[in-house]
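Participant: Next input, structure requested:
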Amino acid sequence: MSGRATSSELRARAAPEASRLLDAFAGLRVLVVGDVILDAYLDGRASDLSREAPVPVVTVGGRTEAPGGAANVAVNLASLGADVRLVSVVGLDDAGQRLLELVGGFGVDVGGVVLRDERSTVAKRRVLAEGQMLVRFDEGTLSPLAPDLEGELRSLLAAAAAVDAVVVADYGSGVMTDGVIEALPPPRSPGSPPIVVDAKDPRRYRRARTLACTPNFEEARAALGGLDPFGGDRARAVSESAQRLLDVTGVEVAAVTLDRDGAVLLERGRAPHRIYADAVPERCCAGAGDTFTAAFALGLASGADPAGAAEVAAAAAAVVVAKPGTATCSPAELRLRLLPGGKLVPDAARLAIEGERHRREGRRVVFTNGCFDILHRGHIALLNAAKELGDVLVVALNADAGVRRLKGPERPINSLADRVEVLAALSCVDHLVAFDDDRPEELLRALRPDVVVKGGDYSAETVPEAPLVRALGAELRILPQVPARSTSRIVERLRPHAT
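Facilitator: So this is what the prediction gives:
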């Protein structure tokens with residue numbers, strides 16, 4: 001039908017946009033400072049119990065080692081295309097030498113890593129049986145740096161060339177003393193690089209006034225002196241405590257990671273933004289938070305909106321979660337993850353199949369539709385609220401011809417392919433489908449959703465599809481709009497400035 005692009009055409013048009021997004025990472029100069037760790041894995045088969053104690057005997061079949069902590073942040077940045085310099089301390093031991101070899105192998109500049117005989121390199125060694133971790137044992141120096149060593153790191157930071165971003169990875173192993181924190185570049189001033197902190201205690205950086213922090217839920221809970229998860233709803237708990245967390249950490253932006261529950265982005269003056277994670281099998285995985293921090297910092301350094309940077313970071317973390325052990329994400333893997341092909345449903349027939357699959361697996365399906373021409377806060381709030389009403393969110397997009405009929409000959413501002421790509425990057429959106437007609441009734445009949453969502457510019461009496469929704473046995477929900485947020489208003493504001 002005219003006006004509708006096929007799913008393969010949409011993917012082909014979207015690929016260059018995703019590429020431009022990731023190309024912005026290439027060559028960004030990033031300084032990483034913090035605690036480095038050697039992650040080691042002994043994997044084998046458990047075939048018997050020991051006669052010495054009631055513990056399994058593991059016949060080791062393989063050994064792998066990987067950079068951890070600040071070293072993992074550095075190699076993730078390098079894997080995504082950044083030019084990275086690492087500042088830290090290791091011991092004059094085999095673990096330190098191995099760690100430097102691994103990090104250098106990713107192209108990271110390790111000239112800022114100081115070797116000291118009086119310190120032992122931190123190593124975390126895990127024993128696994130067929131991929132299941134049985135025990136972890138740690139070793140290494142955890143005491144704060146001696147004054148002379150602290151002074152050496154301060155000098156290294158002061159002598160660092162101009163960079164596009166600074167990432168602090170503070171695992172509490174003694175590198176990030178108060179003196180080293182004081183030596184960080186001046187934050188939040190014209191020309192200063194954004195500073196992103198991933199720390200066990202982000203409150204220590206309040207006086208440094210860094211731009212952003214990326215605590216996990218337990219770190220956020222500790223920073224607040226406790227956090228009630230509202231019957232297991234950690235995302236709600238974080239959202240309810242947004243202002244307090246921003247105040248105690250002193251940041252403008254906090255991205256709180258929630259492992260299987262995704263993340264919540266908190267930003268001063270804006271509503272919390274929920275980021276959803278795909279379900280993955282339980283496995284021994286370490287370092288996904290480092291990947292999130294690395295990609296988030298690159299997104300901010302590229303000038304991306306914090307919510308967009310957090311969505312990209314979550315996509316990068318999802319790539320490494322699907323891998324065993326400590327891993328990295330490449331631009332190609334992230335590009336594939338961000339492309340809309342995996343979310344795009346080609347037609348009503350395929351949508352019916354997806355709907356039946358979700359019902360069979362016990363999921364609650366939510367449907368909404370619209371033009372989504374210039375994505376703004378109102379759209380994001382609506383989509384996040386719609387996702388909260390179920391397990392799967394399906395978004396139907398008016399094709400370009402349909403937008404012209406609804407909005408006039410000068411619309412859409414963005415083509416269907418562009419709109420698909422932007423919406424596909426949102427973690428709250430599970431499926432996208434385009435439609436030619438003025439109403440998505442064919443799609444509703446095919447999907448048979450549990451909930452149909454409309455924005456607050458409608459009432460239950462004015463929704464054109466309301467009779468069909470009732471006939472299908474679905475629930476109709478009208479969600480409130482964000483005040484003074486609409487694409488039409490944005491277009492009207494832009495018109496006087498058009499050339």
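
Participant: any idea how far residue 101 is from residue 305?
Facilitator: 38 Å (CB to CB, to the nearest Å). For glycine as for every other residue, the C-beta is placed from the backbone atoms N, C-alpha and C.

Participant: Tell me the spacing between residue 427 and residue 347.
Facilitator: Distance from residue 427 to residue 347, by CB to CB: 24 Å.

Participant: Same check on residue 87?
Facilitator: 54 Å.

Participant: which one of these two has more residues nearby?
Facilitator: residue 87 (26 against 16; other CB atoms under 10 Å).

Participant: which ones are touching that one?
Facilitator: 31, 32, 33, 112, 113, 153, 156, 157, 160 (CB atoms under 8 Å, 6 or more residues apart in numbering).

Participant: which SS state does it fall under?
Facilitator: Under DSSP: H, G, I helix; E, B strand; the rest coil, residue 87 falls in the strand class.

Participant: Could you give the bridge partners of it?
Facilitator: residue 33, residue 112 (DSSP bridges).

Participant: what does the average pLDDT come to for the helix or strand where residue 245 lies?
Facilitator: Using DSSP states H and E, residue 245 falls within helix 242-249. Mean per-residue pLDDT for helix 242-249: 96.

Participant: Give me the contacts around stretch 463-481.
Facilitator: 367, 378, 382, 385-386, 389, 439-441, 444-445, 448-460.

Participant: what's the spacing between that stretch and its chain's center?
Facilitator: 32 Å (CA atoms, centre = their mean, to the nearest Å).

Participant: Buried residues in that stretch, which are they?
Facilitator: In terms of neighbour count (16 or more other CB atoms under 10 Å), stretch 463-481 has its buried residues at 463, 465, 466, 468, 469, 474, 477, 478, 479, 481.

Participant: So for these, which is the shakiest by pLDDT?
Facilitator: residue 481 (76).

Participant: Make sure it is indeed in a strand.
Facilitator: No. Assessed with three-state DSSP, residue 481 is coil; it does not lie in a strand.

Participant: Now do it against residue 370, distance only.
Facilitator: Taken as CB to CB, the span from residue 481 to residue 370 is 12 Å.

Participant: so what's in contact with these two at the same time?
Facilitator: residue 455.

Participant: What are the boundaries of the helices in the stretch 201-350 of the chain?
Facilitator: 217-223, 234-240, 242-249, 288-301, 306-321, 331-338, 348-360 (DSSP state H, counting those that start in this stretch).

Participant: Take stretch 289-307, keep the C-alpha atoms, and write them as PDB.
Facilitator: What follows is stretch 289-307, C-alpha atoms only, in PDB (Å, rounded to 0.1, in the frame of the first residue of the first chain):
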ATOM      1  CA  GLY A 289      27.800  -1.800  35.400                       C
ATOM      2  CA  ASP A 290      31.200  -0.800  34.100                       C
ATOM      3  CA  THR A 291      29.900  -1.100  30.600                       C
ATOM      4  CA  PHE A 292      26.900   1.000  31.400                       C
ATOM      5  CA  THR A 293      29.100   3.700  33.000                       C
ATOM      6  CA  ALA A 294      31.500   3.700  30.000                       C
ATOM      7  CA  ALA A 295      28.700   4.000  27.400                       C
ATOM      8  CA  PHE A 296      26.900   6.600  29.500                       C
ATOM      9  CA  ALA A 297      30.000   8.800  29.700                       C
ATOM     10  CA  LEU A 298      30.600   8.600  26.000                       C
ATOM     11  CA  GLY A 299      27.000   9.500  25.300                       C
ATOM     12  CA  LEU A 300      27.200  12.600  27.600                       C
ATOM     13  CA  ALA A 301      30.600  13.500  26.000                       C
ATOM     14  CA  SER A 302      29.000  13.400  22.600                       C
ATOM     15  CA  GLY A 303      26.400  15.900  23.700                       C
ATOM     16  CA  ALA A 304      23.500  13.500  24.000                       C
ATOM     17  CA  ASP A 305      20.600  14.200  26.200                       C
ATOM     18  CA  PRO A 306      21.100  12.200  29.500                       C
ATOM     19  CA  ALA A 307      18.000  10.000  28.900                       C
END
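
Participant: Farthest from the middle of this protein: give me that residue.
Facilitator: Centroid-distance maximum for the chain: residue 51 at 46.3 Å, with CA atoms, centre = their mean.

Participant: Next, the contact list for the closest residue to residue 277 other than its chain neighbours, please.
Facilitator: In this structure, residue 277 finds its nearest non-sequential neighbour in residue 262, 4.0 Å apart by CB to CB, 6 or more residues apart in numbering. Residue 262 makes contact with 235, 274, 275, 276, 277, 314, 427 under the criterion CB under 8 Å, 6+ apart.

Participant: my read: the last one touches residue 314, true?
Facilitator: Yes. At 5.7 Å, residue 427 and residue 314 qualify as touching, with contact defined as CB atoms under 8 Å.

Participant: Next, name the residue at the spatial heart of the chain.
Facilitator: Note: the chain centre (CA atoms, centre = their mean) maps to residue 314, 1.9 Å.

Participant: can I assume it is in contact with residue 289?
Facilitator: No. Look at residue 314 against residue 289 with CB under 8 Å: they stay out of range, at 11.2 Å.

Participant: re earlier: the contacts of stretch 463-481 in strands, which ones?
Facilitator: Within those, residues falling in strands by DSSP state E are 367, 451, 452, 453, 454, 455.

Participant: Next one: the first one, what pLDDT does it get?
Facilitator: What that stands for is residue 367. pLDDT, residue 367: 97.

Participant: Let me know how buried it is, in neighbour terms.
Facilitator: 28.

Participant: Also the one 4 residues further on?
Facilitator: A count of nearby residues for residue 371, using other CB under 10 Å, gives 21.
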